[in-house]
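Novice: Got a predicted model here, sequence first, then my questions.
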Amino acid sequence: MPLTAEVTTLEENRVRLDVAVPEDEVQKQMDRAIRKLGREVRVPGFRPGKAPAEVILQRVGQDAVVQEMLRSALGDWYSQAVDETGIVPIDDPDLALDDVPDEGDLTFKATVQVRPRATLGDYAGVEVGRAEPEVPEGALEEQLERVREQAARLTPVERAAAQGDFVVIDFDGSSKGKRLKNATARDYLVELGGGRLVPEFDSALTGMSAGESTTFPVTYGDEDGRPELRGQTVEYTVTVKQVQEKQLPELTEDLALEVSEFDTIDELRADLERRLREAAEAQVDELYRRMVIDAVTERATVDVPAVMVDRRVGTILQQTANQLPQGVSFEQYLAATGRTLEQVVEELRPDAEMAIRRELVVEAVADEQGVEVSDEEIEEQVRADAEATGRSVDRLMHDLRHHGGWEALRQDLRLKKAVDHLIESATAIPMAQAEAREALWTPEDERRKAAEARPEAEGKPAPAGKLWTPGDPR
């Protein structure tokens, strides 16, 4: 018989779970605890793990078995109660257990803060400004120049190296008379002014010709990610072996054939124009999508608990740390940006709070509209994701089902559907008209601005500007 749980709603988005665990489940967990202790406790006359349960119980005592049972099982029972009731906790629970009865059901209480619900305003047909797609002036020429760069050739020249040239160099670095492996290379090809070299290299190599050598020092900072170079002054000896000039091809049919599937430069130009228009349209669509979410959020009421903001900030910090280059610690990243951890956290909090606010509003829309996502829809999305990333569909399905990603994907798709509904029901107006409305002053605006200016006095978080969309970290 599974455990039972009843939910009692408390104040401030908290609930209490009254959980009853059947006697046979309690006894099963007690037996498991005894077996575990039997593997850990030495009993004279028995090999480890072979002593009878009654002997183990007599040796360690009933209290020790109960404590081991609760340590192993109480968390699982709480998780089962959460699944049974469908609540969405946002913090660790406060668990209250009086005692473990000798017979009968075991009962405990769990009080926990749950995900709040937004109170929606009138969002049907909300009017939102929509810009006209516009390809920036000179964008096509920039794309054509990139095409030329892709097909560029390097040609050796008999002259001094200048910015934009490529040089083939040998260099050796030493510190305190010791040659450094990480500061030595042969036949190293690099562009002057390309950003791959420290400034001292660019300065020293500019104006040098093939066959010339020079020696100069480079001092590395204490935040450098390479331990061998960190805080060191390295003496470099560099020899230029060749100077190469980058030559760009003309915009001809030969170039189109080389870099694309098109036969003529006009066809390539038309394809680049089409891509630029599509990119401009996608940018307008995304901006409109975000502005609709923002407009609906503005009409809603929702209090975002501080614990949700703290956890979101923690997630963002962890993602930032994971994306740093290999060998660069988060502490080094902070030092390079000239900020403390406390400063970064305070900078992130407003954006994190506003992102959660918008997320909760979209969830409320999904609930009100009865949005559902079937397993078939999830599988279709998984197939599309697998194809896009080159992964095995079956493997991705397995990983999602067995590592908690399946229901998370269901929720993301559900929120995406809710946003799609908002987009379909919204009314697009010219951006100029929307901006003119924003410029109008009303007494309500003044009261709202006054309220926003004193959020801390009212115990509410201040508004922030970064938008949330489905798929952002929770």
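Specialist: Everything's here; your move. Numbers count the residues shown, from 1 in each chain.
Novice: Show the contacting residues for Val296.
Specialist: Residues near Val296 by Cβ atoms under 8 Å, 6 or more residues apart in numbering: 120-121, 123, 126, 361-362, 365, 422. Quick note: C-beta positions are derived from backbone N, CA and C, even for glycine.
Novice: For the closest residue to Asp222 other than its chain neighbours, grab phi and psi.
Specialist: In space, and not counting its chain neighbours, Asp222 is closest to Gly231: 4.8 Å by Cβ to Cβ, 6 or more residues apart in numbering. Gly231 adopts backbone torsions of phi 70, psi 10, taken as degrees, to the nearest 10.
Novice: my guess is Gly231 contacts Tyr220, does it?
Specialist: Yes. Gly231 is within contact range of Tyr220, at 6.5 Å (criterion: Cβ atoms under 8 Å).
Novice: between those two, who's got more neighbours?
Specialist: Legend: neighbour count by other Cβ atoms under 10 Å for Gly231 and Tyr220, higher for Tyr220 (18 against 11).
Novice: ok, now which ones touch the nearest residue to that one once chain neighbours are set aside?
Specialist: Of all residues not flanking Tyr220 in the chain, Leu229 sits nearest, at 4.5 Å (Cβ to Cβ, 6+ apart). By Cβ under 8 Å, 6+ apart, the contact list for Leu229 reads 180, 182-183, 220.
Novice: And Leu229, how close does it get to Ala183?
Specialist: Applying Cβ to Cβ, to the nearest Å, the value for Leu229 to Ala183 is 7 Å.
Novice: Domains in the chain, by residue range?
Specialist: Domain assignment for the chain by automatic domain parsing gives 4-113, 118-151+262-301, 153-247, 303-453.
Novice: How far does the last one sit from its chain's centre?
Specialist: Distance, stretch centre to chain centre, for domain 303-453: 9 Å (Cα atoms, centre = their mean, to the nearest Å).
Novice: And for stretch 131-139?
Specialist: Distance of stretch 131-139 from the chain centroid (Cα atoms, centre = their mean) equals 30 Å.
Novice: now the end-to-end length of it.
Specialist: Using Cα to Cα, to the nearest Å, one end of stretch 131-139 lies 18 Å from the other.
Novice: I'd like the distance from the lengthiest strand in the chain to the chain centre, please.
Specialist: Looking across the chain with DSSP state E, the single longest strand is strand 233-247. Per Cα atoms, centre = their mean, the displacement of strand 233-247 from the mean C-alpha position of its chain is 40 Å.
Novice: What pairs with it, parallel or antiparallel?
Specialist: Note on strand 233-247: by DSSP bridges, its sheet partners are strand 153-156 (antiparallel), strand 166-175 (antiparallel), strand 213-219 (antiparallel).
Novice: Can you tell me the SS state at Lys50?
Specialist: coil (DSSP: H, G, I helix; E, B strand; the rest coil).
Novice: Now do it, the pLDDT please.
Specialist: pLDDT for Lys50: 71.
Novice: just the one 5 residues further on next, same as before
Specialist: Taken from the predicted model, the pLDDT recorded for Val55 is 74.
Novice: Can you classify it as helix, strand or coil?
Specialist: From three-state DSSP, the assignment for Val55 is helix.
Novice: and it, how many neighbours does it have?
Specialist: Residues near Val55, counting by other Cβ under 10 Å: 16.
Novice: distance of it from Asp63?
Specialist: 17 Å.
Novice: Same check on Ile378?
Specialist: Using Cβ to Cβ, Ile378 is found at 47 Å from Asp63.
Novice: for Glu12, same thing?
Specialist: Distance from Glu12 to Asp63, counting by Cβ to Cβ: 36 Å.
Novice: Same check on Val328?
Specialist: 50 Å.
Novice: hang on, the earlier thing: of the contacts of Leu229, which is the most crowded?
Specialist: Top of the contacts of Leu229 by neighbour number is Ala183, holding 20 neighbours under the definition other Cβ under 10 Å.
Novice: can you give me the strands for the chain?
Specialist: Taking DSSP E, the strands of the chain run over residues 4-9, 14-21, 94-96, 106-113, 127-130, 153-156, 166-175, 178-179, 185-191, 213-219, 233-247, 427-430.
Novice: Lowest average pLDDT across the ones you listed?
Specialist: When the strands of the chain are compared by mean pLDDT, strand 178-179 comes last with a mean of 88.
Novice: partner strands of that strand, parallel or antiparallel?
Specialist: strand 166-175 (antiparallel).
Novice: hmm, back to that, now the domains of the chain as a markdown table including distance to Glu253?
Specialist: Listed next are these as a markdown table, based on distance: least, Cβ to Cβ, whole Å:
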| stretch | distance to Glu253 |
| --- | --- |
| domain 4-113 | 61 |
| domain 118-151+262-301 | 5 |
| domain 153-247 | 18 |
| domain 303-453 | 33 |
